[in-house]
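build me a structure from this.
(one chain, ligands or ions: 1)
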Amino acid sequence: MVEEILTNIYKIEIPLPENPLKAINSYVLKDSARNLIIDTGLNRKECRDAIRAGLAELGVNLKEADFFITHLHADHFALVSTLASDNSTIYFNQPDADRVRDGTPWDDMIEYAGLNGFPEKELLAAIHNHPGYKYGSKFDLPLKILKEDDTIDIGQYQFKCVETPGHTMGHMCLYEPNKKILVSGDHILGDITPNIQSWADEGNPLLQYLWSLDKIYELDVAVVLPGHRRIFRRCRERIQELKDHHQNRADEILTILKKGSRNAFRVASEMTWDITWESWDQFPVSQKWFATGEAIAHLKYLWEKGMVLRETLGGKLMYSFFSRSLCALYHFIWTKKKRKVLNRM
Ligand SMILES: [Zn+2]
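Prediction:
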């Protein structure tokens, strides 16, 4: 399905079968010299057929096309390996390029998931059902690395690169300041909440994500072209909603931890998920994986803020509620008691 969004900017909707995201938006910026394709799809037939049909409808020849990929996730990146021609430039970012070069560390992720309580018998199934594992692609094409404030000129548009780490380490948006267009990738979505996960002990993806939201908040944006679902206009309102969402998630986790120490998998199982399955046990293993990754990102954020305690017990990372206000209350009661005793003396 092809739709003209703005002058010479088109959207091709590429289906993502059996995936709750439903589809990915690929944007095509047409120009008489070169065309630019932003994000591509999974390396599977349904995506290949859809993008090829869309490009044919637009009369775009792949030999005259360059690519900009917002981030490394397979639904955005994987198909570029089969679409790029010898003279295509593929614009990308350094942190995600490093990850692509080194390959996804599935073994390390399995180990870390186990440490966070993911049941051993479901671990391999989780990886084997992961879209990046199933529909990723081997990649050895040269990439042109872009950094903050680099520009891509195409036709009447001059897009500026904005580094927005969080959803992935190197996620990058494009901003057109004259026309106030934001190509947001998976950083800001209008209808669904971008998934913020953590699968390694390094880094604090949620903190980075919140910083990146604040960074985009400063921009004057009239229209957002997101990686999934509908194009929308209310950028600042949406940013506030996303920030509120993560605050609510963090609060929910604190409430769960007040019931006692838990590992991240168990925390995830007790969180509320906007998903069609009735209970956690019925969740497909791939959804349990995404949910646990999201729980870990929030737990790590709270831990680094000093709001939860973390310790290793029985070979698992356990989190417990640790309230500064509770500590202050204990301190208050203790000093009051002491004062009473002193008064009696
Ligand atoms: Zn993504």
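
which other helices and strands contact the helix or strand containing R238?
Here R238 sits within helix 235-257, counting by DSSP states H and E. Secondary-structure packing of helix 235-257 (3 or more C-beta pairs under 8 Å, 6 or more residues apart in numbering; DSSP states H and E): helix 205-217, helix 264-270, helix 285-304, strand 308-313, strand 316-321. All C-beta spots, glycine's among them, are computed from the backbone N, C-alpha and C.

one more time with 7 Å, if that's ok
The helices and strands touching helix 235-257, judged by 3 or more C-beta pairs under 7 Å, 6 or more residues apart in numbering; DSSP states H and E, are helix 205-217, helix 264-270, helix 285-304, strand 316-321.

closest one to the ion among those?
helix 285-304 (10.8 Å; C-beta to the ion).

what about the residue of the stretch 101-250 of the chain found nearest the ion, neighbour count?
As assessed by C-beta to the ion, the ion sits closest to D186 within the stretch 101-250 of the chain, at 3.7 Å. Neighbour count of D186, defined by other C-beta atoms under 10 Å: 26.

my read is that it contacts G166, right?
No - with contacts counted by C-beta atoms under 7 Å, D186 stays clear of G166, the gap being 9.5 Å.

D98 falls within a helix, correct?
Yes - D98 forms part of a helix when assessed by DSSP: H, G, I helix; E, B strand; the rest coil.

from the ion, how far off is it?
17 Å (C-beta to the ion, to the nearest Å).

quick one: pLDDT of that residue?
On the pLDDT scale, D98 is placed at 91.

next, count neighbours for it.
That count, for D98 with other C-beta under 10 Å as the rule, works out to 13.

same check on D220?
Look at D220: counted by other C-beta under 10 Å, it has 10 neighbours.

for the nearest residue to it once chain neighbours are set aside, phi and psi?
Using C-beta to C-beta, 6 or more residues apart in numbering and skipping the chain neighbours, the partner closest in space to D220 is K180 (5.5 Å). Main-chain dihedrals, K180, degrees, to the nearest 10: phi 60, psi 40.

before we move on, the earlier item: average model confidence for the helix holding R238?
pLDDT averaged over helix 235-257 gives 97.

what about the strands in this protein?
For the chain, the strands defined by DSSP state E occupy 2-6, 9-15, 23-29, 35-38, 65-68, 90-92, 144-145, 151-154, 157-163, 172-176, 181-185, 223-226, 308-313, 316-321.

next up, the contacts around L219.
Y175, L182 (C-beta atoms under 7 Å, 6 or more residues apart in numbering).

swap that for L206, please
Contacts of L206 were listed using C-beta under 7 Å, 6+ apart, and they are I196, H246, A297, H298, Y301.

what is the burial count for the second one?
When neighbours are counted by other C-beta under 10 Å, H246 registers 19.

now swap in the last one and tell me
By the measure other C-beta under 10 Å, the count of residues near Y301 is 24.

what does the first one give?
Number of residues near I196 (other C-beta under 10 Å) recorded here: 24.

what pLDDT does it get?
97.

wait, isn't it in contact with A297?
Yes - taking C-beta under 7 Å as the definition, I196 is a contact partner of A297 at 4.9 Å.

is the closest residue to L257 other than its chain neighbours bridged to anything, and to what?
Excluding its sequence neighbours, the residue lying closest to L257 (C-beta to C-beta, 6+ apart) is F321, at 3.9 Å. Taking DSSP bridges, one finds V308 as the beta-bridge partners of F321.

quick one, what contacts the residue of the stretch 101-250 of the chain closest to the ion?
Here D186 is in contact with T70, H71, H73, H167, H171, P194, G227 (C-beta under 7 Å, 6+ apart).
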